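>>> Here's my sequence, what's the structure:
(one chain, ligands or ions: 1)
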Amino acid sequence: MADAAEEAVVGAEADGPRFTLELNQDQKDIREWVHGFAEGVMRPAAAEWDEREETPWPVIQEAAKIGLYGFEALGQFWADETGLTLPIANEEIFWGDAGIGMAIMGTSLAVAAIFGQGTPEQMGEWLPQCFGTVEEPEVAAFCASEPDAGSDVSAIRTSAKYDEAKDEWVLNGQKAWATNGGIAKVHVVIASVDRELGSRGHAAFVIPPGTEGCEQGAKVKKHGLRASHTADVHLDDCRIPGSCLLGGKEKLDERLARVREGKRSKSQAAMQTFEASRPTVGAQALGIARAAYEYALGYAKERRQFGKAIVENQSIAFTLADMKLEIDAARLLVWRAAWMGRSGQKFENAEGSMSKLKAGEVAVWATERAIQILGGNGYTREFPVERMHRDAKIYTIFEGTSEIQRLVISRAISGVHVK
Ligand SMILES: Cc1cc2nc3c(=O)[nH]c(=O)nc-3n(C[C@H](O)[C@H](O)[C@H](O)COP(=O)(O)OP(=O)(O)OC[C@H]3O[C@@H](n4cnc5c(N)ncnc54)[C@H](O)[C@@H]3O)c2cc1C
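Just a heads-up that it's a prediction; the model follows:
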(Lines give C-alpha, C1' and ligand atoms only; values in the text may rest on other atoms or scores of the structure.)
Protein backbone atom coordinates (compact mmCIF):
# COMPACT_ATOMS: atom_id res chain seq x y z
CA MET A 1 0.00 0.00 0.00
CA ALA A 2 2.73 2.44 1.08
CA ASP A 3 4.75 1.49 -1.99
CA ALA A 4 1.78 2.17 -4.25
CA ALA A 5 1.24 5.58 -2.66
CA GLU A 6 4.91 6.44 -3.02
CA GLU A 7 4.88 5.30 -6.62
CA ALA A 8 1.83 7.44 -7.32
CA VAL A 9 3.56 10.51 -5.89
CA VAL A 10 6.80 9.87 -7.76
CA GLY A 11 4.86 9.12 -10.94
CA ALA A 12 2.87 12.34 -10.65
CA GLU A 13 6.07 14.33 -10.21
CA ALA A 14 7.63 12.70 -13.24
CA ASP A 15 4.58 13.60 -15.36
CA GLY A 16 4.59 17.15 -14.06
CA PRO A 17 1.78 18.83 -12.20
CA ARG A 18 -1.68 17.86 -13.44
CA PHE A 19 -3.12 21.34 -13.09
CA THR A 20 -1.45 24.65 -13.70
CA LEU A 21 -2.54 28.11 -14.74
CA GLU A 22 1.04 29.17 -15.34
CA LEU A 23 1.47 30.07 -19.00
CA ASN A 24 4.32 28.41 -20.87
CA GLN A 25 7.01 30.43 -22.64
CA ASP A 26 5.34 30.15 -26.08
CA GLN A 27 2.08 31.48 -24.70
CA LYS A 28 3.85 34.35 -22.95
CA ASP A 29 5.83 35.21 -26.09
CA ILE A 30 2.71 35.28 -28.27
CA ARG A 31 0.86 37.37 -25.71
CA GLU A 32 3.70 39.90 -25.64
CA TRP A 33 3.95 39.98 -29.43
CA VAL A 34 0.21 40.56 -29.95
CA HIS A 35 0.13 43.07 -27.10
CA GLY A 36 2.92 45.04 -28.77
CA PHE A 37 0.87 45.32 -31.97
CA ALA A 38 -2.30 46.20 -30.06
CA GLU A 39 -0.54 48.95 -28.13
CA GLY A 40 1.69 50.33 -30.84
CA VAL A 41 -0.49 50.08 -33.96
CA MET A 42 -4.13 49.52 -33.02
CA ARG A 43 -4.59 51.91 -30.09
CA PRO A 44 -3.28 55.01 -31.84
CA ALA A 45 -5.63 54.31 -34.79
CA ALA A 46 -8.72 53.35 -32.78
CA ALA A 47 -10.57 56.68 -32.46
CA GLU A 48 -9.98 57.61 -36.11
CA TRP A 49 -11.43 54.39 -37.57
CA ASP A 50 -14.33 54.45 -35.13
CA GLU A 51 -15.22 57.92 -36.46
CA ARG A 52 -14.68 56.96 -40.10
CA GLU A 53 -16.79 53.81 -39.80
CA GLU A 54 -14.68 52.15 -42.45
CA THR A 55 -12.62 48.98 -42.65
CA PRO A 56 -9.09 49.90 -41.52
CA TRP A 57 -7.26 48.28 -44.44
CA PRO A 58 -3.87 49.88 -43.59
CA VAL A 59 -4.00 48.34 -40.09
CA ILE A 60 -5.03 44.95 -41.49
CA GLN A 61 -2.07 45.18 -43.83
CA GLU A 62 0.27 46.02 -40.94
CA ALA A 63 -1.06 42.95 -39.15
CA ALA A 64 -0.48 40.88 -42.30
CA LYS A 65 3.09 42.20 -42.57
CA ILE A 66 4.05 40.99 -39.12
CA GLY A 67 2.23 37.67 -39.64
CA LEU A 68 -0.61 38.41 -37.24
CA TYR A 69 -3.27 38.46 -39.98
CA GLY A 70 -3.19 35.23 -41.96
CA PHE A 71 -3.93 31.55 -41.76
CA GLU A 72 -0.48 30.79 -40.32
CA ALA A 73 -1.15 33.00 -37.29
CA LEU A 74 -4.53 31.40 -36.61
CA GLY A 75 -2.95 27.98 -37.15
CA GLN A 76 -0.20 28.85 -34.67
CA PHE A 77 -2.75 29.98 -32.06
CA TRP A 78 -4.85 26.88 -32.67
CA ALA A 79 -1.84 24.55 -32.48
CA ASP A 80 -1.51 25.10 -28.73
CA GLU A 81 -2.91 21.91 -27.26
CA THR A 82 -3.98 23.62 -24.04
CA GLY A 83 -6.39 25.76 -26.11
CA LEU A 84 -5.28 28.93 -24.31
CA THR A 85 -3.31 30.74 -27.00
CA LEU A 86 -6.37 31.56 -29.11
CA PRO A 87 -8.22 33.34 -26.27
CA ILE A 88 -5.01 34.98 -25.06
CA ALA A 89 -4.32 36.45 -28.52
CA ASN A 90 -7.93 37.58 -28.89
CA GLU A 91 -7.93 39.25 -25.49
CA GLU A 92 -4.84 41.26 -26.42
CA ILE A 93 -6.15 42.27 -29.86
CA PHE A 94 -9.46 43.48 -28.41
CA TRP A 95 -7.63 45.19 -25.57
CA GLY A 96 -6.02 47.19 -28.37
CA ASP A 97 -9.34 48.10 -29.97
CA ALA A 98 -12.50 46.12 -30.59
CA GLY A 99 -13.60 47.75 -33.88
CA ILE A 100 -10.23 47.20 -35.51
CA GLY A 101 -10.00 43.89 -33.69
CA MET A 102 -13.18 42.69 -35.39
CA ALA A 103 -11.89 43.95 -38.75
CA ILE A 104 -8.89 41.67 -38.16
CA MET A 105 -10.67 38.70 -36.57
CA GLY A 106 -14.00 38.79 -38.48
CA THR A 107 -12.47 36.59 -41.16
CA SER A 108 -11.95 33.81 -38.64
CA LEU A 109 -15.68 32.92 -38.51
CA ALA A 110 -15.63 31.97 -42.19
CA VAL A 111 -12.28 30.27 -41.66
CA ALA A 112 -13.69 28.25 -38.76
CA ALA A 113 -16.58 27.07 -40.95
CA ILE A 114 -14.26 26.00 -43.79
CA PHE A 115 -11.84 24.43 -41.32
CA GLY A 116 -14.60 22.66 -39.42
CA GLN A 117 -16.69 21.43 -42.33
CA GLY A 118 -14.54 21.51 -45.47
CA THR A 119 -12.65 18.67 -47.07
CA PRO A 120 -8.82 18.93 -47.15
CA GLU A 121 -9.04 20.09 -50.80
CA GLN A 122 -11.57 22.78 -49.92
CA MET A 123 -9.38 23.97 -47.06
CA GLY A 124 -6.36 24.14 -49.36
CA GLU A 125 -8.31 26.08 -51.95
CA TRP A 126 -10.27 28.56 -49.84
CA LEU A 127 -8.39 29.25 -46.61
CA PRO A 128 -5.52 31.19 -48.24
CA GLN A 129 -8.04 33.18 -50.30
CA CYS A 130 -9.88 34.28 -47.16
CA PHE A 131 -6.80 36.28 -46.13
CA GLY A 132 -5.28 37.29 -49.49
CA THR A 133 -1.61 38.23 -49.47
CA VAL A 134 0.57 40.63 -47.48
CA GLU A 135 0.54 43.03 -50.45
CA GLU A 136 -3.20 42.68 -50.94
CA PRO A 137 -4.94 41.42 -47.81
CA GLU A 138 -8.54 40.25 -48.15
CA VAL A 139 -11.30 39.52 -45.63
CA ALA A 140 -13.92 36.77 -45.50
CA ALA A 141 -17.54 36.72 -44.29
CA PHE A 142 -19.72 34.14 -42.57
CA CYS A 143 -23.38 34.67 -43.42
CA ALA A 144 -25.93 32.82 -41.30
CA SER A 145 -28.31 35.50 -39.94
CA GLU A 146 -31.24 36.80 -41.97
CA PRO A 147 -33.80 39.53 -41.37
CA ASP A 148 -36.20 36.93 -39.93
CA ALA A 149 -33.65 34.43 -38.65
CA GLY A 150 -31.40 35.77 -35.89
CA SER A 151 -31.58 33.77 -32.67
CA ASP A 152 -33.82 31.31 -34.47
CA VAL A 153 -31.33 29.91 -36.95
CA SER A 154 -33.82 27.22 -37.97
CA ALA A 155 -35.92 29.94 -39.69
CA ILE A 156 -33.29 30.52 -42.39
CA ARG A 157 -35.04 31.00 -45.74
CA THR A 158 -32.05 31.28 -48.06
CA SER A 159 -32.34 28.25 -50.29
CA ALA A 160 -29.77 26.17 -52.10
CA LYS A 161 -31.04 24.04 -54.98
CA TYR A 162 -28.88 21.53 -56.79
CA ASP A 163 -28.79 21.71 -60.60
CA GLU A 164 -27.67 18.20 -61.41
CA ALA A 165 -27.21 18.80 -65.16
CA LYS A 166 -24.61 21.49 -64.52
CA ASP A 167 -23.31 20.23 -61.16
CA GLU A 168 -24.05 23.66 -59.70
CA TRP A 169 -25.84 24.98 -56.63
CA VAL A 170 -28.23 27.90 -57.05
CA LEU A 171 -28.61 30.13 -54.00
CA ASN A 172 -31.40 32.62 -53.37
CA GLY A 173 -32.08 34.71 -50.31
CA GLN A 174 -31.02 37.64 -48.14
CA LYS A 175 -28.42 37.56 -45.40
CA ALA A 176 -28.38 40.21 -42.68
CA TRP A 177 -25.67 41.76 -40.48
CA ALA A 178 -22.81 39.90 -42.10
CA THR A 179 -19.44 41.02 -40.78
CA ASN A 180 -17.42 41.86 -43.94
CA GLY A 181 -20.55 41.11 -46.02
CA GLY A 182 -20.08 42.28 -49.60
CA ILE A 183 -16.47 43.42 -49.16
CA ALA A 184 -15.25 39.88 -48.51
CA LYS A 185 -13.26 37.91 -51.05
CA VAL A 186 -14.84 34.68 -49.83
CA HIS A 187 -18.35 34.42 -48.38
CA VAL A 188 -19.45 31.33 -46.49
CA VAL A 189 -23.24 31.13 -46.64
CA ILE A 190 -25.54 28.93 -44.61
CA ALA A 191 -28.52 27.93 -46.73
CA SER A 192 -31.36 25.50 -46.48
CA VAL A 193 -31.38 22.52 -48.82
CA ASP A 194 -34.57 21.17 -47.25
CA ARG A 195 -36.71 23.65 -45.32
CA GLU A 196 -38.87 20.96 -43.77
CA LEU A 197 -35.86 19.76 -41.78
CA GLY A 198 -35.26 23.14 -40.09
CA SER A 199 -31.64 23.63 -39.04
CA ARG A 200 -30.91 19.98 -39.79
CA GLY A 201 -31.55 20.75 -43.45
CA HIS A 202 -28.85 23.46 -43.55
CA ALA A 203 -25.55 23.29 -45.35
CA ALA A 204 -22.59 25.65 -45.71
CA PHE A 205 -21.43 26.92 -49.11
CA VAL A 206 -18.44 28.91 -50.26
CA ILE A 207 -19.25 31.71 -52.70
CA PRO A 208 -16.10 32.19 -54.77
CA PRO A 209 -14.82 35.73 -55.39
CA GLY A 210 -16.66 37.69 -58.04
CA THR A 211 -19.59 35.27 -58.35
CA GLU A 212 -22.53 36.85 -60.14
CA GLY A 213 -25.69 37.16 -58.07
CA CYS A 214 -23.88 37.76 -54.76
CA GLU A 215 -24.15 41.45 -53.93
CA GLN A 216 -23.75 43.64 -50.88
CA GLY A 217 -26.98 45.16 -49.63
CA ALA A 218 -27.28 48.03 -47.18
CA LYS A 219 -24.26 48.72 -44.98
CA VAL A 220 -25.34 48.96 -41.35
CA LYS A 221 -24.52 52.06 -39.28
CA LYS A 222 -23.72 50.85 -35.79
CA HIS A 223 -23.56 51.83 -32.12
CA GLY A 224 -20.10 50.26 -31.73
CA LEU A 225 -17.51 48.10 -33.52
CA ARG A 226 -17.68 50.81 -36.14
CA ALA A 227 -14.34 50.00 -37.78
CA SER A 228 -15.82 46.62 -38.65
CA HIS A 229 -17.97 46.50 -41.77
CA THR A 230 -21.45 44.97 -41.33
CA ALA A 231 -23.89 44.63 -44.23
CA ASP A 232 -26.71 42.67 -45.82
CA VAL A 233 -25.80 40.26 -48.58
CA HIS A 234 -28.22 39.47 -51.41
CA LEU A 235 -28.10 36.14 -53.20
CA ASP A 236 -30.01 36.31 -56.45
CA ASP A 237 -29.86 33.15 -58.57
CA CYS A 238 -26.29 32.90 -57.40
CA ARG A 239 -24.74 29.89 -59.16
CA ILE A 240 -21.70 28.21 -57.68
CA PRO A 241 -19.87 25.01 -58.64
CA GLY A 242 -20.97 21.78 -56.95
CA SER A 243 -17.55 21.61 -55.30
CA CYS A 244 -18.41 24.71 -53.22
CA LEU A 245 -20.65 22.75 -50.86
CA LEU A 246 -18.50 22.36 -47.73
CA GLY A 247 -17.91 18.72 -46.94
CA GLY A 248 -19.18 17.57 -50.35
CA LYS A 249 -22.50 16.27 -51.69
CA GLU A 250 -22.06 12.67 -50.65
CA LYS A 251 -21.67 13.61 -47.01
CA LEU A 252 -24.66 15.95 -47.18
CA ASP A 253 -26.87 13.30 -48.81
CA GLU A 254 -25.90 10.77 -46.13
CA ARG A 255 -26.67 13.25 -43.39
CA LEU A 256 -30.04 14.23 -44.84
CA ALA A 257 -30.97 10.56 -45.29
CA ARG A 258 -30.18 9.92 -41.61
CA VAL A 259 -32.31 12.88 -40.55
CA ARG A 260 -35.22 11.82 -42.76
CA GLU A 261 -35.09 8.35 -41.23
CA GLY A 262 -35.55 10.04 -37.89
CA LYS A 263 -32.00 9.42 -36.69
CA ARG A 264 -30.14 12.20 -34.96
CA SER A 265 -27.88 14.24 -37.18
CA LYS A 266 -24.46 14.92 -35.76
CA SER A 267 -23.90 18.22 -37.47
CA GLN A 268 -26.00 21.31 -37.72
CA ALA A 269 -23.98 23.55 -39.95
CA ALA A 270 -24.43 26.94 -38.29
CA MET A 271 -24.61 25.74 -34.70
CA GLN A 272 -21.37 23.83 -35.10
CA THR A 273 -19.51 26.96 -36.14
CA PHE A 274 -20.96 29.02 -33.29
CA GLU A 275 -20.26 26.41 -30.62
CA ALA A 276 -16.58 26.15 -31.53
CA SER A 277 -16.06 29.90 -31.40
CA ARG A 278 -17.82 30.92 -28.16
CA PRO A 279 -14.83 31.04 -25.77
CA THR A 280 -12.88 33.01 -28.37
CA VAL A 281 -15.71 35.54 -28.57
CA GLY A 282 -15.73 35.68 -24.76
CA ALA A 283 -12.00 36.45 -24.83
CA GLN A 284 -12.68 39.42 -27.11
CA ALA A 285 -15.18 40.81 -24.62
CA LEU A 286 -12.59 40.30 -21.87
CA GLY A 287 -10.07 42.37 -23.80
CA ILE A 288 -12.49 45.31 -23.94
CA ALA A 289 -13.37 44.95 -20.23
CA ARG A 290 -9.72 44.84 -19.20
CA ALA A 291 -8.88 47.88 -21.31
CA ALA A 292 -11.67 49.88 -19.64
CA TYR A 293 -10.68 48.66 -16.16
CA GLU A 294 -7.03 49.59 -16.64
CA TYR A 295 -7.97 53.02 -17.99
CA ALA A 296 -10.34 53.69 -15.09
CA LEU A 297 -7.77 52.54 -12.51
CA GLY A 298 -5.13 54.87 -13.90
CA TYR A 299 -7.60 57.74 -14.05
CA ALA A 300 -8.84 57.18 -10.50
CA LYS A 301 -5.31 57.47 -9.16
CA GLU A 302 -4.70 60.72 -11.03
CA ARG A 303 -8.02 62.53 -10.71
CA ARG A 304 -8.28 64.60 -7.52
CA GLN A 305 -11.49 65.87 -5.94
CA PHE A 306 -12.01 67.12 -2.37
CA GLY A 307 -8.22 67.28 -1.99
CA LYS A 308 -7.49 63.61 -2.65
CA ALA A 309 -7.28 61.10 -5.47
CA ILE A 310 -10.77 59.71 -6.19
CA VAL A 311 -9.42 56.14 -5.77
CA GLU A 312 -9.09 56.90 -2.04
CA ASN A 313 -12.89 56.76 -1.80
CA GLN A 314 -14.08 53.27 -1.04
CA SER A 315 -16.92 53.52 -3.53
CA ILE A 316 -14.45 54.04 -6.37
CA ALA A 317 -11.84 51.59 -5.06
CA PHE A 318 -14.43 48.88 -4.39
CA THR A 319 -15.86 49.32 -7.88
CA LEU A 320 -12.38 48.82 -9.29
CA ALA A 321 -11.89 45.78 -7.06
CA ASP A 322 -15.15 44.31 -8.35
CA MET A 323 -14.18 45.06 -11.94
CA LYS A 324 -10.89 43.21 -11.52
CA LEU A 325 -12.65 40.33 -9.76
CA GLU A 326 -15.32 39.93 -12.43
CA ILE A 327 -12.83 40.14 -15.29
CA ASP A 328 -10.58 37.49 -13.73
CA ALA A 329 -13.59 35.24 -13.01
CA ALA A 330 -14.74 35.58 -16.62
CA ARG A 331 -11.25 34.77 -17.87
CA LEU A 332 -11.23 31.53 -15.88
CA LEU A 333 -14.50 30.50 -17.53
CA VAL A 334 -13.13 31.42 -20.95
CA TRP A 335 -9.91 29.48 -20.41
CA ARG A 336 -11.80 26.47 -19.07
CA ALA A 337 -14.09 26.37 -22.11
CA ALA A 338 -11.19 26.90 -24.51
CA TRP A 339 -9.27 24.06 -22.87
CA MET A 340 -12.34 21.81 -22.94
CA GLY A 341 -12.96 22.55 -26.61
CA ARG A 342 -9.35 21.95 -27.62
CA SER A 343 -8.99 18.74 -25.63
CA GLY A 344 -12.28 17.34 -26.91
CA GLN A 345 -14.16 17.36 -23.59
CA LYS A 346 -17.91 17.21 -23.77
CA PHE A 347 -19.62 20.48 -22.87
CA GLU A 348 -22.09 18.81 -20.52
CA ASN A 349 -23.15 22.03 -18.82
CA ALA A 350 -22.78 24.28 -21.87
CA GLU A 351 -19.48 25.62 -20.55
CA GLY A 352 -18.79 27.32 -23.89
CA SER A 353 -22.00 29.31 -23.59
CA MET A 354 -21.24 30.07 -19.94
CA SER A 355 -17.91 31.62 -20.88
CA LYS A 356 -19.38 33.86 -23.58
CA LEU A 357 -22.34 34.87 -21.45
CA LYS A 358 -20.24 35.85 -18.45
CA ALA A 359 -17.53 37.64 -20.42
CA GLY A 360 -20.09 39.57 -22.51
CA GLU A 361 -22.04 40.73 -19.49
CA VAL A 362 -18.87 41.63 -17.58
CA ALA A 363 -17.68 43.70 -20.54
CA VAL A 364 -20.92 45.70 -20.71
CA TRP A 365 -20.97 46.22 -16.94
CA ALA A 366 -17.26 47.04 -16.53
CA THR A 367 -17.19 49.54 -19.39
CA GLU A 368 -20.25 51.29 -17.96
CA ARG A 369 -18.55 51.46 -14.55
CA ALA A 370 -15.45 52.87 -16.23
CA ILE A 371 -17.53 55.73 -17.67
CA GLN A 372 -18.89 56.38 -14.15
CA ILE A 373 -15.38 56.51 -12.69
CA LEU A 374 -14.30 59.02 -15.34
CA GLY A 375 -17.39 61.16 -14.68
CA GLY A 376 -18.11 63.76 -17.38
CA ASN A 377 -14.89 62.89 -19.18
CA GLY A 378 -16.06 59.30 -19.46
CA TYR A 379 -19.08 60.41 -21.44
CA THR A 380 -17.03 62.24 -24.08
CA ARG A 381 -15.24 61.05 -27.17
CA GLU A 382 -12.06 62.64 -25.85
CA PHE A 383 -11.62 59.58 -23.65
CA PRO A 384 -11.69 55.97 -24.87
CA VAL A 385 -14.06 54.39 -22.35
CA GLU A 386 -17.26 55.58 -24.06
CA ARG A 387 -16.09 53.83 -27.25
CA MET A 388 -15.26 50.72 -25.24
CA HIS A 389 -18.76 50.77 -23.76
CA ARG A 390 -20.33 51.04 -27.22
CA ASP A 391 -18.09 48.26 -28.49
CA ALA A 392 -18.80 45.99 -25.51
CA LYS A 393 -22.57 45.98 -25.99
CA ILE A 394 -22.51 43.72 -29.03
CA TYR A 395 -21.11 40.92 -26.84
CA THR A 396 -24.50 40.33 -25.24
CA ILE A 397 -26.07 40.17 -28.71
CA PHE A 398 -24.06 38.43 -31.43
CA GLU A 399 -22.92 34.81 -31.47
CA GLY A 400 -26.00 34.07 -29.41
CA THR A 401 -27.67 36.71 -27.22
CA SER A 402 -27.37 36.46 -23.42
CA GLU A 403 -30.91 35.07 -23.32
CA ILE A 404 -30.03 32.36 -25.83
CA GLN A 405 -26.89 31.44 -23.83
CA ARG A 406 -29.07 31.11 -20.71
CA LEU A 407 -31.46 28.95 -22.68
CA VAL A 408 -28.62 26.68 -23.79
CA ILE A 409 -27.18 26.45 -20.27
CA SER A 410 -30.53 25.86 -18.59
CA ARG A 411 -31.39 23.10 -21.06
CA ALA A 412 -27.99 21.48 -20.56
CA ILE A 413 -28.14 21.47 -16.76
CA SER A 414 -31.80 20.46 -16.46
CA GLY A 415 -32.33 18.17 -19.40
CA VAL A 416 -35.62 20.03 -19.80
CA HIS A 417 -36.45 21.70 -23.10
CA VAL A 418 -36.82 25.12 -21.45
CA LYS A 419 -38.52 27.67 -23.73
C1 LIG B 1 -22.31 44.02 -35.36
C2 LIG B 1 -22.95 42.73 -35.72
C3 LIG B 1 -22.23 41.76 -36.39
C4 LIG B 1 -22.81 40.55 -36.74
N5 LIG B 1 -22.09 39.65 -37.48
C6 LIG B 1 -22.72 38.55 -37.95
C7 LIG B 1 -22.03 37.69 -38.86
O8 LIG B 1 -20.88 37.90 -39.21
N9 LIG B 1 -22.71 36.61 -39.35
C10 LIG B 1 -23.99 36.35 -38.99
O11 LIG B 1 -24.53 35.35 -39.45
N12 LIG B 1 -24.67 37.14 -38.12
C13 LIG B 1 -24.05 38.24 -37.61
N14 LIG B 1 -24.74 39.09 -36.77
C15 LIG B 1 -26.12 38.79 -36.38
C16 LIG B 1 -26.25 38.34 -34.94
O17 LIG B 1 -25.71 37.06 -34.78
C18 LIG B 1 -27.73 38.45 -34.53
O19 LIG B 1 -28.04 39.82 -34.42
C20 LIG B 1 -28.02 37.72 -33.23
O21 LIG B 1 -27.94 36.34 -33.43
C22 LIG B 1 -29.39 38.05 -32.65
O23 LIG B 1 -30.39 37.89 -33.61
P24 LIG B 1 -31.46 39.08 -33.84
O25 LIG B 1 -30.68 40.34 -33.96
O26 LIG B 1 -32.34 38.71 -34.96
O27 LIG B 1 -32.29 39.17 -32.51
P28 LIG B 1 -33.64 38.36 -32.18
O29 LIG B 1 -33.40 36.91 -32.39
O30 LIG B 1 -34.78 39.00 -32.89
O31 LIG B 1 -33.78 38.62 -30.62
C32 LIG B 1 -34.35 39.81 -30.09
C33 LIG B 1 -34.44 39.67 -28.58
O34 LIG B 1 -35.30 38.56 -28.25
C35 LIG B 1 -34.60 37.65 -27.43
N36 LIG B 1 -35.03 36.29 -27.74
C37 LIG B 1 -35.16 35.70 -28.96
N38 LIG B 1 -35.57 34.43 -28.81
C39 LIG B 1 -35.69 34.19 -27.48
C40 LIG B 1 -36.05 33.05 -26.69
N41 LIG B 1 -36.36 31.88 -27.25
N42 LIG B 1 -36.05 33.19 -25.35
C43 LIG B 1 -35.73 34.35 -24.77
N44 LIG B 1 -35.38 35.46 -25.46
C45 LIG B 1 -35.34 35.38 -26.80
C46 LIG B 1 -33.14 37.86 -27.77
O47 LIG B 1 -32.29 37.39 -26.73
C48 LIG B 1 -33.08 39.36 -27.95
O49 LIG B 1 -32.99 39.99 -26.70
C50 LIG B 1 -24.15 40.29 -36.38
C51 LIG B 1 -24.89 41.26 -35.69
C52 LIG B 1 -24.32 42.47 -35.39
C53 LIG B 1 -25.17 43.51 -34.71
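>>> For the residue of the stretch 1-150 of the chain with the smallest separation from the ligand, which residues are in contact?
With CB to the nearest ligand atom as the measure, the residue in the stretch 1-150 of the chain that lies nearest the ligand is G150; the distance is 1.7 Å. Every residue, glycine included, has its C-beta placed from N, CA and C. Contacts of G150 were listed using CB atoms under 8 Å, 6 or more residues apart in numbering, and they are 176-177.
>>> Just give me the neighbour total for the residue nearest to G248 when sequence neighbours are not counted.
Using CB to CB, 6 or more residues apart in numbering and skipping the chain neighbours, the partner closest in space to G248 is T119 (5.8 Å). In terms of burial, T119 registers 15 neighbours under the definition other CB atoms under 10 Å.
>>> ditto for the one 5 residues further on
The burial count assigned to G124 is 10, neighbours taken as other CB under 10 Å.
>>> pLDDT score assigned to it?
G124 is assigned 97 on the pLDDT scale.
>>> OK, contacts around the residue in the stretch 251-400 of the chain positioned nearest to the ligand?
Among all residues of the stretch 251-400 of the chain, F398 sits closest to the ligand, at 4.1 Å; criterion: CB to the nearest ligand atom. Under the criterion of CB under 8 Å, 6+ apart, the neighbours of F398 are 177, 281.
>>> start at 12 instead
Shifting the count to begin at 12 puts that one at F409.
>>> per-residue confidence at it?
Predicted confidence (pLDDT) at F409: the value is 96.
>>> That one: what secondary structure?
The local conformation at F409, judged by DSSP: H, G, I helix; E, B strand; the rest coil, is coil.
>>> ok, the residue nearest to G259 to A121 distance?
16 Å (CB to CB, to the nearest Å).
>>> who's in contact with the most centrally placed residue in the chain?
Using CA atoms, centre = their mean, the residue of the chain that lies closest to the mean C-alpha position is V292, 3.7 Å off. Applying CB under 8 Å, 6+ apart to V292 gives the contacts 367, 370-371, 406, 409-410.
>>> got it, and E62?
With contact taken as CB under 8 Å, 6+ apart, E62 is in contact with R237.
>>> what about stretch 58-70, how long is it end to end?
13 Å (CA to CA, to the nearest Å).
>>> can you pull the buried residues of that stretch?
The neighbour-count check on stretch 58-70 (16 or more other CB atoms under 10 Å) flags 58, 60-61, 64, 66-67, 70 as buried.
>>> And stretch 387-401, how far out from the chain middle?
If you compare the mean C-alpha spot of stretch 387-401 with that of the full chain, they lie 24 Å apart, counting by CA atoms, centre = their mean, to the nearest Å.
>>> Tell me the span between the first and last residue of that stretch.
The straight-line separation of the ends of stretch 387-401 (CA to CA) is 16 Å.
>>> And it, what's buried?
When neighbours are counted by 16+ other CB under 10 Å, the buried residues of stretch 387-401 are found to be 389, 394-401.
>>> And the contacts of it?
57-58, 61, 109-110, 234-237, 299, 302-303, 306-307, 310, 375, 378-379, 381-383, 385.
>>> The ligand next: which of those residues are close?
Filtering the contacts of stretch 387-401 for proximity to the ligand by CB under 6 Å from any ligand atom leaves L236.
>>> separation between G293 and Q325?
30 Å.
>>> now the buried residues of stretch 58-70 as CSV including pLDDT and secondary structure?
As requested, those are arranged in CSV below (pLDDT from 0 to 100; DSSP: H, G, I helix; E, B strand; the rest coil):
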residue, pLDDT, secondary structure
A58, 98, helix
W60, 98, helix
D61, 98, helix
E64, 98, coil
T66, 98, coil
P67, 98, coil
V70, 98, helix
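>>> Show the backbone phi and psi for the residue nearest to G259.
The main-chain torsion angles of T130 are listed as degrees, to the nearest 10 and equal phi -80, psi 170.
>>> which residues in the stretch 112-261 of the chain form strands?
According to DSSP state E, counting those that start in this stretch, the stretch 112-261 of the chain carries its strands in the segments 151-154, 170-174, 179-190, 197-203, 213-218, 225-230, 241-252.
>>> Pairing partners for the shortest one, with directions?
The reference is to strand 151-154. The sheet places strand 151-154 alongside strand 197-203 (parallel), with pairing taken from DSSP bridges.
>>> Could you tell me the angle between the strand it pairs with and strand 179-190?
Inter-element angle recorded for strand 197-203 and strand 179-190: 110 degrees (by axes from the mean of the first three to the mean of the last three CA atoms, to 10 degrees).
>>> roughly how far is strand 197-203 from the heart of the chain?
Strand 197-203 sits 17 Å away from the centroid of its parent chain (CA atoms, centre = their mean).
>>> how much does that strand deviate in direction from strand 170-174?
Going by the same axes, to 10 degrees, strand 197-203 makes 90 degrees with strand 170-174.
>>> And the strands of the stretch 112-261 of the chain: which comes nearest the ligand?
Nearest to the ligand, of all the strands of the stretch 112-261 of the chain, is strand 179-190, at 3.4 Å by CB to the nearest ligand atom.
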